[in-house]
Structure formats: C-alpha cells, structure tokens
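Undergrad: make a model of this:
(chains A and B)
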2 protein chains.
Amino acid sequence: MAAQKNVEQITSMDTDFAQWYTDVVTRAELIGYSGVKGFFILRPYGFAIWENIQAELDRRFKELEHENVSMPLLIPESLLQKEKDHVEGFAPECAWVTFGGAEELEERLCIRPTSETLFCDHWAQTVRSWRDLPKLYNQWCSVLRWEKTTRPFLRHREFLWQEGHTLHATAAEAIAETEQMLKVYAETYENLLAMPAVVGAKTDKEKFAGAERTYTVECMMHDKKALQAATSHYFGDGFARAFDITFTDKNNQLQHPFQTSWGFTTRSIGGIIMTHGDDNGLVMPPRVAPVQVVIIPVAAHKPGVLDKADELLKRLKKLGLRVKLDDSDNSPGWKFAEHEMRGVPLRIELGPRDIEAGKCVAVRRPDGEKIEVALDELEARVPAILDDIHGIMFAKAKKNLDENTRNAVTLDDAKRIIVEHGGFIKTAWCGDEACELAMKNDVGVSSRCIPFGQEHIADVCLVCGKPAKHTVVWGVAY
Amino acid sequence: MAAQKNVEQITSMDTDFAQWYTDVVTRAELIGYSGVKGFFILRPYGFAIWENIQAELDRRFKELEHENVSMPLLIPESLLQKEKDHVEGFAPECAWVTFGGAEELEERLCIRPTSETLFCDHWAQTVRSWRDLPKLYNQWCSVLRWEKTTRPFLRHREFLWQEGHTLHATAAEAIAETEQMLKVYAETYENLLAMPAVVGAKTDKEKFAGAERTYTVECMMHDKKALQAATSHYFGDGFARAFDITFTDKNNQLQHPFQTSWGFTTRSIGGIIMTHGDDNGLVMPPRVAPVQVVIIPVAAHKPGVLDKADELLKRLKKLGLRVKLDDSDNSPGWKFAEHEMRGVPLRIELGPRDIEAGKCVAVRRPDGEKIEVALDELEARVPAILDDIHGIMFAKAKKNLDENTRNAVTLDDAKRIIVEHGGFIKTAWCGDEACELAMKNDVGVSSRCIPFGQEHIADVCLVCGKPAKHTVVWGVAY
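TA: Here you go, the predicted structure:
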C-alpha cells in the first residue's frame, strides 16, 4: 500500500501550501535532492515534462529561423566584467572555478549564470558585415546562480533553461524580436501549460542586469502569489559597444548592432504544479503530461480484460498519444490514487461489463467527471476529451487570476486588498522608484509588470499623488 | 569571393592532415574558439550535426525503455572519493569550484567529469526493492576534463555527450545491457555516420576507471589512426558496494545490484570529418547532414528558374528532407565550391535548359558523380540517391579499414607494418600488461580492443612467446 500512503502523506493545500508543494514534487517523483544545496535531480517523471516543453519551444524557435548552438560552461572573470551593469547583477551569485586538476588557475573562471558575455565575445570575432545579420541563436543548457534560499523548480542554484541571443542591424528589428519571443512564451504558457499570462514590461528597478527593456510573462499561482514565468530583454547596443561588436552596413559604414536575449526555465514546472495541483497531488496539463492517458483494467483476471486493455493501449499509441497501461498487481483503487497523485489527465477504466457493453469509462483528472466512451469511438473521443481538459484547466486558472486581480486607487486600498485577499493589484503609478519602494515597504508587493494594452485606473500615482505614467500590476512574488 | 578563398585556404590532407582538419572545422564554421583553452563553441552548423545524432540515439534509447534525467553539475569531493579506482582516474582532471559568490566553500565541488557517483548517490537513497529495478537512465549534458592538449571535437576540456547509467538485479542482466548499448553505438556509427566499427573489449590497462569490463567501438580515420568512438562499461557491484546501494530481492534477501554506464560524445563529429572529408572540405553522411540537399539555380535571372527551384525545394521538404535553396547573389561556381566545402551530400543544379527538358542534374558530393533526374521522378529518386551516397561513403571507409588492417606474428612484423603502412595490426597476445607496454614502447601502438568474434592469428604472444590468450587489434590512437 506504498502509494496510498504517498497520497495520504500530501499535506492539504489550505493547511500549508509550501509543504503541500514540497510533498507533491517529492511524492510524484519529479525531483530528487542531491548532496549539494540547491542542486536538484530531475527524475524521469519531472524531466519528461521538461522534454515535452522543450520539444514544443524548440520547434517554434526553429520555425522562426533560430539556430541552436553550444557555448562554453565557463566565463573568464575579465570577460564577465566587460559590461558594468551586467557584472554588478551577476558577480555576487557566481560559482568560481579556481583549480584545473592540481593547477591553480591564473584567472578565476565563473560557471555561466547566463551567457550574454560569451555570445558577445563570439560575435565580436565573427560578425563583419550586414550580410552576417541577424544572428538568431539559442542554446539549451543549465546555468548556476548561488542563491541563498532554494526550492525545487522555483529557485535552484543550478537550473535548466534555454537562452536565446540575437543580434540585429537595427534597434527596431531587435525590439520586434524581443516582443515576438515574449509572445511565443505567453502562447506557450496558455496553449501548452494551460496557464493564463499577464504580459508587459518590467519597471527599471526589475530589469535584467544590462538590459534597456525587460518584458515578462507573469502568472498567478493557486495561492494567488505571482510567478515570473519567462522574460525577454532588449539590450540596445550597450553590449555591442562594451564588447566592440561592429558590422559594415549597406552604405559601408561601421555600426554597432542591437541585441536581445530571452529565457524560459524549469521554473515553469513549478508553475504548473502551483497553478493546477490539488489536495490529491499533481494535475498535469494534457499537452505536456508525460503520461496523458492511463488505462486501468478492472477485474483484470477475468478472461479478455487484459487483451482488450492492450488493444486500447495500441490504438491510442497509434494516435501519437502518451499512454500507459497499468497492468501491475496492485488493486484498481490503489492505481486510481497513484495516477491521480501523478496528475495523469485522463484515466480509462475497463472491466468485463464495460467490454460486454462495448464501452469504457474515461475519468477526467481535474474535475473527476466520468464519461462513457464507446470503444469504437475511442480514436475520435479521447483526443477531444484531452482538449476539453486543457480548456477546463485554463478556465479554472483564468478565473483564479481574474477574481484575484483588483484595482487600487489609494495606498489604503492596496493594503486592505493585500491583507484581505492577496492576489494582484492594479494601480496607476508615477514612474518613480521611490513609490515602487513604498509599495514594497508599506504594502509588501513588488511591481510585476507594466502590462501591454494599458487600461486607465486613476489619474495619479497611488503613493505620491503625482500624475500617473503607467498602470502597474503588483503582487507578492515567488 | 570570400568562400572561394575559404576553399583555397584548406591545406591538402596529404601535406598536413592535422592542419587540414583544423582548416575544415574552422572554414566550415563547425567550431569557434572561446577565451578559455579547450572550451569550444559549437556553431550552428556543427551543433546541428550533434542534434541529428542526438535525435536518433535518443529515439533508440527510449525504444529500449531508457528514461532521461538531469543530474547536478557539481560533485562534492567526498562523494567523488567513495570509489577508489574511479577517483584515481578522474580527480587529476577535475575542475574545482571553491567559491559560491563571495563565500569560500567548506568542501570543494568538482564539475562532473562523468556522473557515476551522482547516480549511485541517488540510487542509494531511492532503490529499495527488486520492484524498483532495473533503473535505465540516461542524461544529455556536458562534462569537464582538464586535458593538457586539446583539439576541436577530439579532445575538449568541456564536451557534450550522453551518459547512460543503469542498475540491475543480476550481473547477467547488467552485462547484457552493456553489450546491447555497445551494439546500439556500433549500429549508429555504421548506419547513421557511415563509419565501419571494430568492436570488442578493452584490455585491463585501457578500462574505464572503476569498471570490471569496458567495451569499445574503434574506427579508422583517413590517416589510418584509430578513434575510440564510444564505450560501454560493466561495473559489477563495485560501485553499489562503495555507495551502499542495496535492494530486497524476491526472496526477501538484501542484495547489491549490478551497474553499467555508456557514453557517446561530440568526438563522433571529429570522426565523421576525419573518415569522410577530402581536400575540398567536409563530406557529410546524408543521414546526419544538417543540409542533405542544396538546390542551386543556374541562370537564376531567367524567367521561371527561381520559381521552379522553389517548387523543388517545397517538394523535397515535404519528404522530410533537410533541403536548402541557395538563391543568394553569388555565382553558381562560388556556390558549388561553398556547399562542397560544407559537405552537403547532394547538389541539385537547375537551369532554363534543364527545366525545358523536364530534368535537373544531381551531383553526389563524395564522388562528384552527375545524375540526370527527371523532375517528375524527384520524390522517388532523391531519397534513393541519398541512400546510395551513404553506401558509397561506408564502402570507401570500409575499404580503408580492411586494406589497412594487417596481421603480425612477430614484433619485427609489427614494427615493419607500422613504419611502412600505419593502420591497425592484429596479433595474438598473452594477456600480460608487460607485453602491452612493450607494444607501446617498441612499436608505438596501443591496444585498441580484443575484438568480438576472435579469429586465430598465432598460437603465441608476439612479444614474449608465451601461449596466446586473445587476439588484439592495435593502432596509433587519437
């Protein structure tokens, strides 16, 4: 009864959301702990989610003519220091290599916290003419940031990501790329992970170290806190100047090109868990679920049941679905709980009576809805039910986001909302960092973004009363 | 005329094979040099080869029920030291992290040179019962080994690879896994990379640090030197004992499981270059070529030519082929040389007269053979021609291997063969390391492997004259 115990061991979300989260990532075997703090093992079930996300993002990047490359793991300290803002942002979090074998290195090497400096160094050597542009590069790798507090998926010292880096002849092209990749991220969250996204620009305070603009995808978790889910940066020609990247334009003039970078990480898996999970464990969005359908035979010892279950397995696999037949010797009840805990979107129950009646029972994980499916309609119905499940999950998350996003026109409003409800607040803001800090200190929220498609909340900043420049979404963030 | 210059700049193979190699990897834009010795950049064209290899290997691993995981980058020194032979083999080559941010670490952390210790540590925590076995894990990542001499693809301080790690209830199962994965590697070389493989066991001297047996795939390069192309290791229960991994078997007895690991690296790309390349540059095996077919319009300004070329592009893409239309404003001659240098397996030339005659000219890269293809037979002919190219390349490499593998029954034989011809020699061997060292010192060759399917060369060891235990293949290795 090991797995039944597993389910029982999951703390209820309402009792302790943080403990619930840790229970889920552990019991569902997504994560393992290694001997070094903040370095997590992605176990097969956890890594398979990442592989599914990766496949879809990679396909989209390539469709948009990006090319994958592999840059070195290590950055010489002198190279990291070339762009002033960048090194200030990252140096305090770097892991440093000081010995190669028995030999002490002449210059310390940092394990990449991000690779802008490496791409710049490469481009400074290889880009000559406008014919070499744009460069649309991406790499899949891990990066290190020596964080003090760590949590599975949400904050690792080592995490997996992709980092896109692009170089363009004009600022307009680079800005269009920055916006385009943010759109890809937002669509990935909505269409793949069933997570509604709030998209917009970061304030100057929250920008990436070295960026002129940072765009962001922000999601609301079940506990109404914000997750910064993916970012896209426009660098202007700051890095190009710092690294002396130049190209000869069509008029034979030497120019500095314009640059972007954008990243999507395994943090997204933490977002999936905290958006969709419930007290029974994980709820996986069907389009990235490692197992989309589990077939569970009932009274499996009766003649014909296992054969029929195997036939269904093969028919569903033929559709390209990720299907599993659980023919282990555990009881059906045990299996129901186990696969529920692992968040398998759809369970198909099949017993002798079902077979006799030419049907099976399909049970949707998010809401437990039972649907009779005629066996000869399997191929048509199952993919449609999986799409329904995606829709149900998205709608639930969207409802959570909408119901917990509130406007505030005074500081008292803002405080009251956060104390009573939590969630996101929308306010007018003057654009001054002092008022942003006041929101942090007095209300306990950080600016999540200046959303695209600005709506009017008030004429003046809720903190200082000066004329408002932007509408800002605020929240407590992971 | 930049690219024509590129081709001219490639040193002839016969003049200086090493310089030819460096010229090719640079001119074909496979590799870029970074600021740290031995850390190479895989540029888009080089990385695309790796992605194609990766896709096929990953498909085969999963077909054989392996699961991908992600293990940490860093290994605590104390963990690395748990298996004595292993740490002796790897510690001298480790890169050490001593600082996390500003804080000096209490224990040094090594950047993984290989991950046996991490998998063992994880399994010691998670494996309990025979029901948990086998564990069939794999990871795609980079590893670091602080080598003194480095060369693009062949010897990096950081290289990309996959490392498979498996755990089994019995020795027999683990040995079968070790042999199965070697077979997958050999088949990958032959069927994907068009490289014939000599497969067998390593001598004790050449085994992986900590392994009971190491199996290897050895290939012969154009210069007749050997490339150790992939290895597969059987560990017995040595690691399990060192790391205290146990499981309860079906009879409720506590047992140590048996373990394997196996790896395939970007070195394989160096192997492709040195097996198939010629004085015009790269020759890519069609099944992993980033561009399998390049279409070059002749007299592209004439009406209808570009439209027709674009039609062919679309039709070939529909077949799932990787095709490129070079409609740049360079001359056809320039394009021929450029894509030849990049090793594109098949070039399709299409001009106004071809279109009038309802045909195109397909030119095979390896041998320059020109084939007229009727435009309405394109879909049938092009994939078949690509298969022919694979066959031609394999046959040429096989001929090189066969013609340059010679038997030797005396030490003088062996010396004469190596001086006069180079290549591989096959000899009988007593099994003593002293004689293996004599071969190194007197003949200048190392043992490449004890091939499977042992043939009889002589009754006695060519060095000491004692009874022979094995037939060994020897050679000068990269």
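
Undergrad: now the residue lying closest to residue A:463 once chain neighbours are set aside: which helix or strand?
TA: Excluding the flanking residues, the one nearest residue A:463 by CB to CB, 6 or more residues apart in numbering or on different chains is residue A:435, at 3.8 Å. All C-beta atoms are positioned from the backbone trio N, CA, C, and that covers glycine. Element membership for residue A:435 (DSSP states H and E) is helix A:433-438.

Undergrad: residues contacting the residue of the stretch 151-300 of chain A found nearest chain B?
TA: Here the stretch 151-300 of chain A gets closest to chain B at one residue, residue A:158, 5.4 Å apart by CB to the nearest CB. With contact taken as CB atoms under 8 Å, 6 or more residues apart in numbering or on different chains, residue A:158 is in contact with A:38-40, A:142-144, B:72-74.

Undergrad: ok, the residue nearest to residue A:463 to chain B distance?
TA: Between residue A:435 and chain B the computed distance is 31 Å (CB to the nearest CB, to the nearest Å).

Undergrad: so residue A:284 sits right up against residue A:269, yeah?
TA: No. Counting by CB atoms under 8 Å, residue A:284 sits too far from residue A:269 to count as a contact (10.1 Å).

Undergrad: among those two, which residue is more densely surrounded?
TA: Set residue A:284 next to residue A:269 and count neighbours by other CB atoms under 10 Å in any protein chain shown: residue A:284 wins out with 29 against 24.

Undergrad: what helix or strand is that one on?
TA: Per DSSP H and E: residue A:284 is located in neither a helix nor a strand.

Undergrad: spatially nearest residue to it, not counting backbone neighbours?
TA: residue A:343 (3.9 Å).

Undergrad: can you check residue A:149 too?
TA: residue A:155 (6.4 Å).

Undergrad: would you check how far apart residue A:197 and residue A:230 are?
TA: Per CB to CB, to the nearest Å, residue A:197 is found 9 Å from residue A:230.

Undergrad: and these two? Which one has more around it.
TA: The residue with more neighbours, out of residue A:197 and residue A:230, is residue A:230; 29 against 21, by other CB under 10 Å.

Undergrad: what's the helix or strand containing that one packed up against?
TA: Per DSSP H and E, residue A:230 falls inside strand A:226-236. Judged by 3 or more CB pairs under 8 Å, 6 or more residues apart in numbering or on different chains; DSSP states H and E, the packing partners of strand A:226-236 are helix A:171-187, strand A:213-220, strand A:258-265, helix A:267-276.

Undergrad: quick check, the helix or strand following that strand touching chain B?
TA: Note on strand A:226-236: by DSSP H and E, the next helix or strand toward the C-terminus is helix A:238-242. No. Between helix A:238-242 and chain B, judged by CB under 8 Å from any CB of the partner chain, nothing touches; the nearest distance is 15.0 Å.

Undergrad: which residues are contacting helix A:238-242?
TA: Identification of contacts with helix A:238-242 by CB under 8 Å, 6+ apart yields A:82-86, A:116, A:120, A:167, A:210, A:212, A:245-246, A:256-259.

Undergrad: let's see it at 7 Å
TA: Here helix A:238-242 makes contact (CB atoms under 7 Å, 6 or more residues apart in numbering or on different chains) with A:82-83, A:116, A:120, A:210, A:212, A:256-257, A:259.

Undergrad: low pLDDT regions in chain A?
TA: Within chain A, the stretches with pLDDT under 70 are A:1-8.

Undergrad: please, which helix or strand holds the residue of it positioned farthest from its centre?
TA: The C-alpha centroid of chain A is most remote from residue A:303, which lies 45.7 Å away (CA atoms, centre = their mean). For residue A:303, there is no helix or strand it lies in under DSSP H and E.

Undergrad: residue A:31 and residue B:258: what is the separation?
TA: Separation of residue A:31 from residue B:258 (CB to CB) stands at 27 Å.

Undergrad: swap that for residue A:443, please
TA: 59 Å.

Undergrad: more neighbours: the two, which one.
TA: Per other CB under 10 Å, whichever of residue A:443 and residue B:258 has more neighbours is residue B:258, with 27 against 24.

Undergrad: shouldn't that one be in contact with residue B:170?
TA: Yes. The pair residue B:258 and residue B:170 qualifies as a contact (CB atoms under 7 Å) at a distance of 6.4 Å.

Undergrad: quick revisit: got the angle for the strand holding residue A:230 vs strand A:258-265?
TA: Angle of strand A:226-236 versus strand A:258-265, following axes from the mean of the first three to the mean of the last three CA atoms, to 10 degrees, is 160 degrees.

Undergrad: what lies in contact with strand A:226-236?
TA: Counting by CB under 7 Å, 6+ apart, A:171, A:174-175, A:178, A:181-182, A:185, A:189, A:197, A:208, A:210-221, A:258-264, A:268, A:271, A:424, A:448, A:475-478 sit against strand A:226-236.

Undergrad: one step back: let me have the helices and strands packed on strand A:226-236 in CSV, adding distance to chain B as columns.
TA: Putting the helices and strands packed on strand A:226-236 into CSV (distance: least, CB to the nearest CB, whole Å) gives the following:
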stretch, distance to chain B
helix A:171-187, 17
strand A:213-220, 23
strand A:258-265, 12
helix A:267-276, 12
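
Undergrad: now the strands for the stretch 301-450 of chain A?
TA: Counting by DSSP state E, counting those that start in this stretch, the stretch 301-450 of chain A has strands at residues A:323-325, A:346-350, A:359-364, A:370-374, A:405-407, A:424-429, A:446-451.

Undergrad: need those in a markdown table (columns: distance to residue B:290 and mean neighbour count).
TA: Shown next, in a markdown table, are the strands of the stretch 301-450 of chain A (distance: least, CB to CB, whole Å; neighbours: other CB atoms under 10 Å in any protein chain shown):
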| stretch | distance to residue B:290 | mean neighbour count |
| --- | --- | --- |
| strand A:323-325 | 33 | 20 |
| strand A:346-350 | 39 | 23 |
| strand A:359-364 | 43 | 20 |
| strand A:370-374 | 44 | 13 |
| strand A:405-407 | 46 | 17 |
| strand A:424-429 | 45 | 25 |
| strand A:446-451 | 38 | 22 |
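
Undergrad: out of those, nearest to chain B?
TA: Nearest to chain B, of all the strands of the stretch 301-450 of chain A, is strand A:323-325, at 12.4 Å by CB to the nearest CB.

Undergrad: who does that closest one touch, helix- and strand-wise?
TA: Contact partners of strand A:323-325 among helices and strands, from 3 or more CB pairs under 7 Å, 6 or more residues apart in numbering or on different chains; DSSP states H and E: strand A:293-297, helix A:305-318.

Undergrad: what is the distance between it and the centre of its chain?
TA: Taking the mean of its C-alpha atoms, strand A:323-325 sits 26 Å from the chain's own mean (CA atoms, centre = their mean, to the nearest Å).

Undergrad: just to revisit the earlier point, most tightly packed of the helices and strands packed on strand A:323-325?
TA: A comparison of these by mean neighbour count, using mean count of other CB atoms under 10 Å in any protein chain shown, puts strand A:293-297 on top with a mean of 26.

Undergrad: quick one: it to helix A:305-318, angle?
TA: Strand A:293-297 runs at 170 degrees relative to helix A:305-318, counting by the same axes, to 10 degrees.
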